[in-house]
Structures are given as C-alpha cells and as structure tokens.
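J.: I would like to see how this sequence folds:
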Amino acid sequence: MHRLTRSLLTQVRRGWRRASRRSGSEHGAVAALFAVMVSTGVIIAMGALVIDVGQIALERQELQTGADAASWTIATRCIQKPADCTMAKQSLVASDYANRNQKDGSADAQICISSLSAQCTSWASPGACPTTTVTGGTSVEVRTSTRTGTSTLLPPAFASAMTGSVSAGVTAGACGRVAWGPPGITKVLALGFSMCDWKRMTANGTTFYGPLSPLLSQLGLYSVLGLPAPSATTESAIPAVLPAAVLGLPLPSCTSPVDLREPRGWVWLANNDLSPPDANCEITLKVGDLPRSLVLSGLTQGVLCAGRLQSQLTSRQPVLVPIFDEIEQTLLSIAPTYRIAGFAPFVFTGYTSLLGGLLTGVGSLLNGSAPGLLQNLLCGVSQCILGYFTKTLVPLDSPSFGTGPNFGATVIGRTG
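T.: So this is what the prediction gives:
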C-alpha cells in the first residue's frame, strides 16, 4: 500500500515538472511576440483603434440623444401651436437640442416636416431613420451630425498621431422621427355629438379648456399642457337629437347664421347592425363609419349606459366621443345612420333629466347649479348634456392615424 502511494506521488511530481517546463517556454514565446509587436507599433495602433472606435460610438450616442429629444419636442410644439410649425422656427429648436446633447456643445442638425416637404433640403448627415410602416398623420424627421469647430469630421484623436496615418476622420450621424395626427380606428364612448355643436362650443376649433383635474383618464388620455382652466361660463348645454332632426329638420341656433341642413345635438350610438355597445358602453369606429341609433334609444341603450355616464361625471376626466356631421335616413326609418367625421375629447359636467325621467338632472360641476335661463329654454323641449370640449395627447408605441380634421384628440408616437 505504501509503495503504491509513493508511486502515485512520483508520477504527479513528474507531471508538474513537464507542465512547468512547457509553461516557461510558452511564456517566453509570448514575451518575444509582444516585444516584436511593440517595436513595430502594432500594440499602440491597436490601442489607438480601440479608443477611436469608442469615441465614434460615444459621438453617435450623443447625436442620437439629440435627434430623439429634438424630434419629440418639435412634434409636441407643432401640436400645441400649429402656427409655429415652420421649418425656420423648428430648425432652431433642432439645433439647440443637438448642441445641448453634445459633450463639446457642437453638432449640426437638419429637419424635415412632412407637411412642408417641399422646403426640405438634401440630407448632410449619414444617419438615416429606419423605414416605417406607419402611414398618415404628420411627421418630423431630425438628423444630427458631427460638428467640431469648422469641420464636420470627427478626427481620429489617437490614430492620427500614428506614423503613416491617412485618415482625416469620420462624420457620425443619427436620426429621430416622430409622427402625430388624429386617431384612426379607435374605441370610443357610444355617445355622438354633432360637428355643429363642436364648432359652436370651440369657436370653430380655436377655444379649448383643460380637464377638471390632472389625473389620467380611463382611456389613457392626458391634457396638452397650457390649456386654461374651465369656469362656469366654459360649459354648454347640448340638446338630444330629436325625431324632428332625424326627419331632416334639426333644431336651429347651433351656429350663426342658422343652417337647417346641418344636424345638431347628441345621440346614443349602436353598431351599424344595431348590436349594442360593450359592457363599458363603447364601440369601435373610424372616420367615415355609419353607426346607427334608434329614435327611442334613450329608453333602451341610455339605460344600459347610464352607469358609464355617471362614472364620467364622478371622474371629471375627458373621454373620447365620436363627432358626426350627417344624419342619413329614409322617411320611415326608425334607426338612422350617423356619419362619423372624427373624434373629440369631452368633459361631462352635468345633465338635465335624461331617459324620460328615469335619471334626474345633475347640476353643473363647475358652478353647482342647474343650467341658466337660455339653457333651460333649450333643454325644456330636449334632454341636455352639460360639458365642454378639451384637447388631449395620447402617446402610442405603434400609432394609427385617421383622416379628416383634428377635433382636439391627437395621437403621437416615435416612428424612427
């Protein structure tokens, strides 16, 4: 037994000696190779290359940050103030964001707003946005590129010091693109409002107010910053569409001068096949759709949707509603269609007696009282909803844009 143990120990020692001799020879070979590489400048060149590649990567990252920040900022500014959405003004914004996101405070920036594409010039930046499958809406593309003093080249800081270097540097670039516009196919409250009333209450799309509180609404909408707070004079009473309007005789005084061909009021909506909305009183629509409504929908669908209406009054948040501009029906039709022109965010503040007295009136949330004398006269012959239109902005990862006018609801998303 002892002899066997000693034999094993002897073999282990011999293995260690052989490994030690081999390791020493390899170490020597590596040392010799390293000496040759140092003497010929290979090691220094490799180090310079690594450093310069890292510098280019950092440059591109800073340029990308500037392009992303500039494109998003320009998009929101164009939404908030369309009159300032010009190439001249927004180019200054792009340059400012590009410079502020560079460590050396200097970068070039170009923009192209799709609605003003005739004013766009050829790109100087090598960075291009990826192709997008998103169609419609308006987009802004911002491309940033290197600017070092008076040069557009990023010099090879270390490699340029190497003997025989012929590189003058590279131009790094990046791109950011953001699109915005009215929503496309979307789920909305099954309660339509006339374009006539939207024009009247927003002064033809020029007057909007913020929601009653800054909390997110059930649809994920949030208000565009800068809207004034609502007051008692902000809200308006909107009467229900009456059978007379269905027969082509809408109530007057929605706009001035009075246009009897333009429908007015609000109405409960169902799907085109008259199937009811879902349990949350919502239907899926797009511009141009023709949802229908029974003449006595207040006694049917109105009962089913009463809970949702009450929740909107409690939350005091904007909700997306369809806007209709035409009522299409035959003479004896009891379920006319309503042509959808777009979608608008609406804040409910109260209502007069609805559903034939099944729901008693709720005083205004803004002034704590019932409608004024003029509204009482209007609502004496028709059930009224109180409220006002606001503006909202919805960020989406994959935005879908609709056609037609923007009634205050805007979706926005990065597309490159």
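
J.: residue ranges for the helices of the stretch 51-200 of the chain, please.
T.: Along the stretch 51-200 of the chain, counting by DSSP state H, counting those that start in this stretch, helices occupy 87-100, 195-202.

J.: what's downstream of the worst-scoring helix or strand of the chain on mean pLDDT, the next helix or strand?
T.: Across the helices and strands of the chain, the lowest-confidence element by mean pLDDT, DSSP states H and E is helix 243-246, at a mean of 46. Next helix or strand after helix 243-246 toward the C-terminus (DSSP states H and E): strand 266-268.

J.: Not counting that next one itself, show me its contacts.
T.: 190-194, 197, 238-241, 293, 297-298, 301-302, 305, 324, 338, 385 (C-beta atoms under 8 Å, 6 or more residues apart in numbering). For glycine as for every other residue, the C-beta is placed from the backbone atoms N, C-alpha and C.

J.: what bits of the stretch 301-416 of the chain have low per-residue confidence?
T.: 330-333, 353-365, 367-382 (pLDDT under 70).

J.: How are the helices of it distributed by residue range?
T.: 301-315, 373-379.

J.: got the phi/psi numbers for the closest residue to Gly413 other than its chain neighbours?
T.: Leaving aside its chain neighbours, Gly413 sits nearest to Pro399 (3.5 Å; criterion: C-beta to C-beta, 6 or more residues apart in numbering). According to degrees, to the nearest 10, the main-chain angles of Pro399 amount to phi -70, psi 150.

J.: Pull the contacting residues for Pro399.
T.: Per C-beta under 8 Å, 6+ apart, neighbours of Pro399: 134, 137, 179-181, 411-413, 415.

J.: ok, now Gly226?
T.: Contact analysis of Gly226 by C-beta under 8 Å, 6+ apart lists Gln80.

J.: Do you know the pLDDT at it?
T.: With respect to pLDDT, Gly226 scores 77.

J.: and it, what element?
T.: With DSSP H and E as criterion, Gly226 is part of no helix or strand.

J.: Show the buried residues in the contacts of strand 266-268.
T.: 190-194, 197, 238-241, 293, 297-298, 301-302, 305, 324, 338, 385 (16 or more other C-beta atoms under 10 Å).

J.: Show me which positions of stretch 200-217 end up buried.
T.: 200-202, 208-212, 217.

J.: thought Ala128 was touching Ser145?
T.: No. Checked against C-beta atoms under 8 Å, the pair Ala128 and Ser145 is beyond contact range at 11.3 Å.

J.: Need the residues touching each of the two.
T.: Shared contacts of Ala128 and Ser145 (C-beta under 8 Å, 6+ apart): Gly173.

J.: More neighbours: the two, which one.
T.: Neighbour count, other C-beta atoms under 10 Å: between Ala128 and Ser145, Ser145 has more, with 25 against 14.

J.: And for the closest residue to that one other than its chain neighbours, the neighbour number?
T.: Nearest residue to Ser145 in three dimensions, chain neighbours excluded: Ser125, at 3.7 Å (C-beta to C-beta, 6+ apart). By the criterion of other C-beta under 10 Å, Ser125 has 22 neighbours.

J.: Tell me which other helices or strands the strand of greatest length in the chain touches.
T.: In the chain, ranked by residue count with DSSP state E as the criterion, the top strand is strand 337-351. Contacts defined by 3 or more C-beta pairs under 8 Å, 6 or more residues apart in numbering; DSSP states H and E place strand 337-351 against strand 191-194, helix 301-315, strand 319-328, strand 384-389, strand 409-414.

J.: Thanks again, I'm all set now.
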